[in-house]
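Enquirer: Build me a structure from this.
(chains A, B and C)
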Amino acid sequence: MDKTSIINRDKNKYLHSLNEEQRQAVCSVDGPVLVLAGAGTGKTKVLVSRICHLLNNNHAKPWEILAVTFTNKASKEMNNRVSNLVGQAVEGIWLGTFHSIGVKILRSNAELIGLKNNFTIIDTDDQTRVLKQLIKSNNIDDKRWPARSLSYIINKWKDMGLLPDEVPPESISNFAQGKSIDLYKDYNSLLKVQNAADFGDLILHCISLFKNNPDVLRDYQKKFKYILVDEYQDTNQAQHKWLKFLAMGSKNVCCVGDDDQSIYGWRGAEVGNILSFERDFPGAKIIRLEKNYRSQPHILKAASELIKNNKGRLGKTLWTDQENGDPIIISSHLDGSEEARSVVENCEIISKNNNLNEIAILVRAGYQTREFEDRFLTVNIPYRVIGGPRFYERREIRDAIAYLRVISQPNDGIAFERIINVPKRGLGQTTIKSIYELSKKNNESLITSAQNILLTEMIRPQAKSSLGKLLENFNRWISLRDQTNVRELLEIVLDESGYTDMWQKDKSIEAPGRLDNLMELADTLENFENLTDFLDHVSLVMENEKNESSQMINIMTLHAAKGLEFDHIFLPGWEEGLFPNQRSLDENGTLALEEERRLGHVGITRARRTVRISFAHSRRSFGEWQNSIPSRFIDELPDENISFIEDNKNFDNNFFQDNDFNQDINFDFDQSYQSTKKIPHIMKNIFIGSKINHDKYGIGYVIKINYEKLDIIFEDHGKKTIISDYVEIIND
DNA sequence: TTGATCGATTTTTTT
DNA sequence: AATCGATCAA
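Expert: Here you go, the predicted model:
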């Protein structure tokens, strides 16, 4: 054996830990490859090994590799694992989320799509506020046509990769009598004026850039010799277009995904992208990974049987050679807090012999975490909420950042408006409105108009002097921008603007916490070279990571759990209406039901050793008690893999005395568990869409049914919530 | 312009 | 239940 082959074998030693299919996926470097990788089959391992393989065998230099993920968490994970495997070489790899890569491309080519390279990235909150302004200034009733709906519509178009004049007529909704397209146009030009881009733009602008500048596109195509895409099932149409542009150069594109884990349909994700991979990239090699290395057989079997109820899947058969393990335990509970009590009790038992980090509670909706938090706090068990209320979304942090945004990019009127009167400086609605009018008239940025309005008589002298002072401050801060380090700059700004002072004087309980958060923000700033880098981080990452190392039980949504694994998983709240989520079902019918089911599949397959599913018979929502029945998904789990226990030891008469129930409750546990086939949302033959008459409000249509309470849109009175006894059904 | 009070609305998931 | 927003008095 000659010397080189020994070196080669050594340098490729990571290949030995791969199974046959995984090795194929790693070594088929040239041409398009689609890896269909079921849960726990070593998807990330394949991606990481592939990058390693490309580098080790000199197929590409780091900067010739583009690796795109969907979430920040995934990109962080990938980054860590690649650095572990290949060492320093990671530095040059273009590894990040679609959005962060998009930003990187746009910052270097901003002028070509009409932005300056220091453009601001606005988030959903800013977006809604801008749209609200826009709706109002078009004299549209923002009560009837809320900004949130418009933002939903526009984001949908952007997710589909459609510019205003590309939206097909049939998909123009009736928002404000069909004005949605004009508003979309106005909104886009408003962003341009402010030198700002929203999340959708980060992809969409790239597409326009590639489309209109073939030379730029060619450079990127040449640059990226190898492209890897994680969670391909989650890409939306815009991202798909984006990817096709870049991949059409080398055609060395490797997409990894699992149609059974597609859970972002509501964000425009297209499972179709994965189905049409062969059409997009002819000659594609398709590799299936079906050996599961994570879960024990009962768990894997239950998850597989559940997902089999979905139609329209590519179909995979996951298998494992592990020991049988424990069946999934399903328990019923009186109400949400009983459920939380039981879950936490079981966490305690498990934690006697296990690491807290290996336990996770996965919920359908963010607000469900609260009950568990309360319980953990009372019994004093450390926990962390992953993806919970985000650091950068806190009020004080957003305010502070708004100051920095104006300093970084004075055209950012969205940020300027946020803090123009925070802390209060006597610049209220009237003043802001005047500035707005002037900026609209002269088609200039808000802050320019604020400067100019000082030369007019449009606002009162008091307001004038206060505004003048603020602008003077900003000018000074801007002049400090490039010579002061970012942390120092923030401290100066918070101090001189009176912002810190405002919270120090505030006597509310949360004020000290807010001041702490501002300190923490200042600390975070130490890690950034310049303001733009920091602001990008804030808008794209949102998370301020910490607590990674200490021992804590994890609480998160099912969505946030994707890509993670734990020994022990709790899945509470498996009730009709909550999971599957009724609202989602109302909006998207069968499609949504299948997505909910995939969510259940994701939840179960996170577990290595045990899964406990639970549901409550009664739960409080919107401050009212609601009875519920177990999720249909429980029925879909095979009997031989589950074990049902009634956890109702606290069930006694005190319960009824302690709670202010006036209504009849006929709890019959066996009965209610058996009779899960029917869903009690239909009363008196009223359905979503039913036409009804009301004595006072006249004709209307039912849009939501919540037991006896109906949400109705009346032809002449807008939306009202009415008890079903007071309406009369009209059949015509 | 500000602060208080009342009423409406909220809870799906994320870049 | 808790938050947000509109409305109104000071």
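
Enquirer: any idea how far the closest residue to A:Trp574 other than its chain neighbours is from DNA strand B?
Expert: Using C-beta to C-beta, 6 or more residues apart in numbering and skipping residues adjacent in sequence, the residue nearest A:Trp574 is A:Ser631, 4.0 Å away. Just so you know, the C-beta spots here come from the backbone N, C-alpha and C atoms, and that holds for glycine as well. Here A:Ser631 is placed at a distance of 14 Å from DNA strand B (C-beta to the nearest atom of the strand, to the nearest Å).

Enquirer: For A:Ser631, give me its contacts.
Expert: Residues near A:Ser631 by C-beta atoms under 8 Å, 6 or more residues apart in numbering: A:Trp574, A:Glu575, A:Glu576, A:Leu578, A:Phe579, A:Pro580, A:Phe615.

Enquirer: Of these, which is the nearest to DNA strand C?
Expert: When these are compared for distance to DNA strand C (C-beta to the nearest atom of the strand), A:Leu578 wins out at 15.7 Å.

Enquirer: hang on, the closest one packs against A:Pro630?
Expert: No: applying C-beta atoms under 8 Å as the test, A:Leu578 and A:Pro630 come out as separate, 10.6 Å apart.

Enquirer: Need the overlap of contacts for these two.
Expert: Shared contacts of A:Leu578 and A:Pro630, counting by C-beta under 8 Å, 6+ apart, come down to nothing at all.

Enquirer: Tell me where the longest strand sits in chain A.
Expert: In chain A, taking DSSP state E as the definition, the longest strand is strand A:607-621.

Enquirer: did I read that right, A:Asn174 in a helix?
Expert: No: counting by DSSP: H, G, I helix; E, B strand; the rest coil, A:Asn174 is not part of a helix but coil.

Enquirer: Could you measure from it over to A:Ile712?
Expert: Distance, A:Asn174 to A:Ile712, by C-beta to C-beta, to the nearest Å: 18 Å.

Enquirer: which one of these two has more residues nearby?
Expert: Applying other C-beta atoms under 10 Å to A:Asn174 and A:Ile712 shows that A:Ile712 carries more neighbours, namely 25 against 9.

Enquirer: sec struct for the more buried one, please.
Expert: Under three-state DSSP, A:Ile712 comes out as strand.

Enquirer: Do you know the pLDDT at it?
Expert: A:Ile712 is assigned a predicted lDDT (pLDDT) of 72.

Enquirer: So what sits opposite it in the bridge?
Expert: When bridges are called by DSSP bridges, A:Ile712 pairs up with A:Val702, A:Lys720.

Enquirer: Confirm for me that it is in contact with A:Gly698.
Expert: No: judged on C-beta under 8 Å, A:Ile712 makes no contact with A:Gly698 at a distance of 10.4 Å.

Enquirer: Just list the residues touching A:Gln261, thanks.
Expert: Here A:Gln261 is in contact with A:Ala39, A:Glu231, A:Gln233, A:Lys562, A:Arg598, A:His601, A:Val602 (C-beta under 8 Å, 6+ apart).

Enquirer: do that again at 6 Å, thanks
Expert: By C-beta atoms under 6 Å, 6 or more residues apart in numbering, A:Gln261 lies in contact with A:Val602.

Enquirer: Run through the strands of the stretch 351-500 of chain A in chain order.
Expert: Along the stretch 351-500 of chain A, counting by DSSP state E, counting those that start in this stretch, strands occupy A:359-363, A:383-385.

Enquirer: and those, which one's lowest on average pLDDT?
Expert: Averaging pLDDT over each of the strands of the stretch 351-500 of chain A puts strand A:383-385 lowest, since it has a mean of 90.

Enquirer: What pairs with that strand, parallel or antiparallel?
Expert: When pairing is defined by DSSP bridges, strand A:383-385 lines up against strand A:553-557 (parallel).

Enquirer: which residues of chain A score low on pLDDT?
Expert: Low-confidence segments of chain A, defined by pLDDT under 70: A:1-10, A:88-89, A:543-548, A:647-688, A:695-697, A:703-711, A:715-726, A:731-732.

Enquirer: Near DNA strand C, which residues of it? Just list them.
Expert: A:Asp142, A:Arg620, A:Phe622, A:Gly623 (C-beta under 7 Å from any atom of the strand).

Enquirer: Out of those, flag the one nearest to A:Glu373.
Expert: Nearest to A:Glu373 among the residues of chain A next to DNA strand C, counting by C-beta to C-beta, is A:Arg620 at 15.5 Å.

Enquirer: Show me what counts as buried in the helix ranked longest in chain A.
Expert: Looking across chain A with DSSP state H, the single longest helix is helix A:582-604. For helix A:582-604, a neighbour-count test (16 or more other C-beta atoms under 10 Å) marks A:582, A:584-585, A:592-604 as buried.

Enquirer: Tell me the spacing between the closest residue to DNA strand B within the stretch 601-732 of chain A and A:Trp503.
Expert: Closest residue of the stretch 601-732 of chain A to DNA strand B, C-beta to the nearest atom of the strand: A:Phe622 (3.8 Å). Relative to A:Trp503, A:Phe622 is positioned 31 Å away (C-beta to C-beta).

Enquirer: In terms of neighbours, single out the busier of those two.
Expert: A:Trp503 (20 against 7).
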